[in-house]
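[1] Quick one: sequence and predicted model below, then my questions.
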Amino acid sequence: MPKIDKDAFSQAVYDIVRTIPHGRATSYGAIAKAVGYYNMSRLVGRVMSECNSSITNIPAHRVVNSQGILSGKDAFGDSSEMQELLEAEGVIVSNNKIKNWKTVFWNPLDEINI
């Protein structure tokens, strides 16, 4: 397996995340597939945890795990911030999980030309 250029990988992840529409969410795995690294969802999670959304305007709160669970909420300053940001966009969250996940889920491979 070729060595990953972490800066290029991070930039590709950020570029995808910036295109997630308001009121929608996607998964770490869907982003990994969209950037061409099908088995790198954990690295996507790490990249997202290092993203300071308030400075970069990258909507990291729209990226969750494959079941719609807010698994990255600890990367936000307040553990309820991720949920609050999603709910402000009309996404319903209950017990740290997005309701109607199949409806809210945004698949970058289907939605944008990569």
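    Thanks, I have it.

[2] which residues sit against the helix or strand of the chain with the lowest mean pLDDT?
    Least confident helix or strand of the chain, by mean pLDDT, DSSP states H and E, is helix 53-56 with a mean of 81. With contact meaning Cβ atoms under 8 Å, 6 or more residues apart in numbering, helix 53-56 is reached by 14, 59-61, 76. In this view, the C-beta of every residue, glycine as well, is placed from N, C-alpha and C.

[3] measure the residue nearest the centre of the chain to K3 for me?
    By Cα atoms, centre = their mean, the chain has its centre lying nearest to V63, at 1.9 Å. Distance of V63 to K3, computed by Cβ to Cβ, to the nearest Å: 24 Å.

[4] Going along the chain, name the helices of this structure.
    Counting by DSSP state H, the chain has helices at residues 6-17, 28-34, 41-49, 53-56, 81-88, 101-104, 108-111.

[5] Apart from its neighbours in sequence, what residue is nearest K99?
    If the residues on either side of it in the chain are set aside, K99 comes closest to I92, at 4.1 Å by Cβ to Cβ, 6 or more residues apart in numbering.

[6] tell me, how many neighbours does the one you found end up with?
    11 (other Cβ atoms under 10 Å).

[7] residues in contact with it?
    Residues counted as contacts of I92 (Cβ under 8 Å, 6+ apart) are 98-100.

[8] Could you check the pLDDT of it?
    Here the pLDDT value assigned to I92 is 97.

[9] Tell me which residues of stretch 17-30 come out buried.
    17, 20, 24-30 (16 or more other Cβ atoms under 10 Å).

[10] Next: stretch 85-95.
    85-86, 91, 93.

[11] Which of those sits closest to F105?
    V91 (10.8 Å; Cβ to Cβ).

[12] That closest one contacts T103, doesn't it?
    No: under the criterion of Cβ atoms under 8 Å, V91 makes no contact with T103, lying 10.0 Å away.
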